[in-house]
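>>> Pasting the sequence and the predicted coordinates here, then a few questions.
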Amino acid sequence: MKTHTMALLAGIAIEATAVQGLRAQTAKPKAYSVSELETLDAAALAAYLPAARKAIDAAHGHALRTAAGRVVQIEGTPAPKSAAIVEWDSVDDAVAFYKSKAWADLAPARDKATKALRRYVVEVEN
């Protein structure tokens, strides 16, 4: 009986390890979108941000709330005045959001509030 229980527990542990390995193989790497911005109108930005964050949340993104944070240059060309960073489940999810109707619908408010100097998505290695 004791041997049977030990064998059963060992089998469960092996199966759990195998399933976890299979999940890791199929999981897409996380990604971060980075938007280098210049604020055009602080009041318009304050009005725009809640709607943008709501749209990002609905698309399963996670805004890191860096838009009003300090950006410090370390090397290279001058740093932008502002940078917005959003975590996504994958590059595909980020690209889909930035091509979505929800993002397009925010364009008038976004264009009044900020000027995008550059926007890109970075995939994180597993």
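Here it is on my side, so go on.

>>> Assign the residue nearest the centre of the chain to helix, strand or coil.
Nearest residue to the geometric centre of the chain (C-alpha atoms, centre = their mean): Glu87, 1.6 Å. The three-state assignment at Glu87 reads strand, by DSSP: H, G, I helix; E, B strand; the rest coil.

>>> Look up how far Val34 lies from it.
11 Å (C-beta to C-beta, to the nearest Å). All C-beta spots, glycine's among them, are computed from the backbone N, C-alpha and C.

>>> Quickly find the element holding Ala96.
Using DSSP states H and E, Ala96 maps to helix 91-98.

>>> Mind listing residues that contact that helix?
28-29, 31-33, 55-56, 59-61, 86, 88, 103, 119, 121, 123 (C-beta atoms under 8 Å, 6 or more residues apart in numbering).

>>> and if you look at stretch 36-49?
Identification of contacts with stretch 36-49 by C-beta under 8 Å, 6+ apart yields 67, 80-84, 106, 109-110, 112-119.

>>> tell me what the helix or strand encompassing Ala116 is packed against?
Using DSSP H and E, Ala116 sits within strand 114-123. With contacts taken as 3 or more C-beta pairs under 8 Å, 6 or more residues apart in numbering; DSSP states H and E, strand 114-123 sits against strand 31-39, helix 91-98.

>>> so who does Ala113 touch?
Ala113 sits next to Thr39, Leu40, Asp41, Ala44, Leu45, Ala47, Tyr48, Leu49 when contact means C-beta under 8 Å, 6+ apart.
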